[in-house]
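# Fold the following for me, if possible:
(one chain, ligands or ions: 1)
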Amino acid sequence: MNWTDPEEEKYRYKSSENKYLILKFSKNMTYKVNKEKCIGCGLCVATCPEGMELGEDGKAKVIDRDKVERCGGEALCPYQAIEEVK
Ligand code: SF4
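Below you'll find the predicted structure:
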């Protein structure tokens, strides 16, 4: 582990020890909305308004991956439209 990586430092001081470890190993992951699966129900936005929003196309989009992760990540969408990607 490279504890001097400034990107990792950000996570170290932002979170508790356990949360830091979770973020550390997933920091290269992000989320995207599969537009074909998204029906625009808005459930993810209602559950995680700081991480998700509905776009002009009526489909959800990720606006903050860290907040989406804290809200539950892929589990936010009952239609499996939120996908974790590298
Ligand atoms: S991503 Fe899922 S929960 Fe969010 S609006 Fe689309 S279908 Fe609904």
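
# Tell me the buried residues in stretch 38-48?
By neighbour count on 16 or more other C-beta atoms under 10 Å, the buried set for stretch 38-48 is Cys38, Cys44, Val45, Cys48. From N, CA and C alone the C-beta is placed, and that goes for glycine too.

# A helix includes the second one, no?
Yes: when the secondary structure is assigned by DSSP: H, G, I helix; E, B strand; the rest coil, Cys44 falls within a helix.

# Wait, it touches Ala60, no?
Yes: Cys44 is within contact range of Ala60, at 5.3 Å (criterion: C-beta atoms under 8 Å).

# Figure out the length between the terminal residues of stretch 59-71.
Using C-alpha to C-alpha, to the nearest Å, the end-to-end distance of stretch 59-71 comes out at 18 Å.

# And for that stretch, what's in contact with it?
The contact list for stretch 59-71, computed with C-beta atoms under 8 Å, 6 or more residues apart in numbering, reads 23, 26, 29-33, 35, 38, 40, 42, 44-45, 47-48, 50-55, 76-77, 81-82.

# Tell me which of these fall in strands.
Thr30, Tyr31, Lys32, Val33, Met52, Glu53, Leu54, Ile82 (DSSP state E).

# Could you measure from Asp64 over to Lys86?
18 Å (C-beta to C-beta, to the nearest Å).

# Find residues that contact each of Cys44 and Ala60.
Counting by C-beta under 8 Å, 6+ apart, the residues touching both Cys44 and Ala60 are Met52, Cys77, Ile82.

# Closest one to the ligand out of these, please.
Among the shared contacts of Cys44 and Ala60, Cys77 lies closest to the ligand (C-beta to the nearest ligand atom), at 3.1 Å.
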